[in-house]
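> Would you be able to build a 3D model of this:
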Amino acid sequence: MDVSSGDLTLDVAGDIVLDADGAEIILADGGTQFANLKNSSSDFEIKALVQDKDMKFIVNDNNSDVTALTLDGSEAGNATFNGSVTANAGVVVDELTIDADTITATDDFIIDATTNIFLDADGGEV
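From the prediction side, this is the model:
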């Protein structure tokens, strides 16, 4: 089907099923592919096809669009979160684990600052 102008609205009482036997759903604009959804073996892939473009996850917060997460395509997919990251089971970064009120290192633990390091314990002990 070739549609040269206008919108296409699918309004059904049940589900809309996209069943691609080639395992890939291609998203395009003006004939140029910009992303695809793919069944790759047992993985589900979302792939941006335009070089060095970002992938953004935008949510509506109090009637305003907010970019909650940006994956930077020009920086090897670096992730930038708009707010704090909550991980109730802890966070592991390389050899460092932060979980609740404990930081655990599997190797040497070095604190290095270009100016001062302050340890502030209201209980009076460090």
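> for stretch 74-81, how far is the first residue from the last?
16 Å (Cα to Cα, to the nearest Å).
> no no, stretch 27-38
Stretch 27-38: ends 11 Å apart by Cα to Cα.
> in that stretch, what's buried?
By neighbour count on 16 or more other Cβ atoms under 10 Å, the buried set for stretch 27-38 is 35-36. C-betas here are computed from N, CA, C, even on glycine.
> Can you classify residue 80 as helix, strand or coil?
Under DSSP: H, G, I helix; E, B strand; the rest coil, residue 80 falls in the strand class.
> whoops, I mixed them up, residue 87
Residue 87 ends up coil, using three-state DSSP.
> Next, count neighbours for it.
Each residue near residue 87 was counted by other Cβ atoms under 10 Å, and the total is 9.
> Any chance you could give me the helix or strand residue 65 falls within in CSV, C-alpha atoms only?
Secondary structure assigned from DSSP states H and E places residue 65 in strand 64-72. What follows is strand 64-72, C-alpha atoms only, in CSV (Å, rounded to 0.1, in the frame of the first residue of the first chain):
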residue,chain,number,x,y,z
SER,A,64,5.6,18.6,30.8
ASP,A,65,7.9,16.4,28.6
VAL,A,66,11.0,15.4,30.4
THR,A,67,14.0,13.4,28.9
ALA,A,68,14.4,10.8,31.7
LEU,A,69,17.3,8.9,30.0
THR,A,70,19.5,9.7,27.0
LEU,A,71,21.8,7.0,25.4
ASP,A,72,24.5,9.0,23.5
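> Residues touching that strand, excluding its own?
By Cβ atoms under 8 Å, 6 or more residues apart in numbering, the residues outside strand 64-72 that reach it are 54-60, 77-83.
> Just the buried ones among the residues you listed, please.
Here, 16+ other Cβ under 10 Å leaves residue 54 buried among these.
> Which single one of the contacts of strand 64-72 is nearest to residue 121?
residue 83 (27.6 Å; Cβ to Cβ).
> Tell me the strands beside the strand holding residue 65, with direction?
strand 55-61 (antiparallel), strand 78-81 (antiparallel) (DSSP bridges).
> So for residue 5, which of the ones you listed sits nearest?
Nearest of the strands paired with strand 64-72 to residue 5, taken as Cβ to Cβ: strand 55-61 at 27.0 Å.
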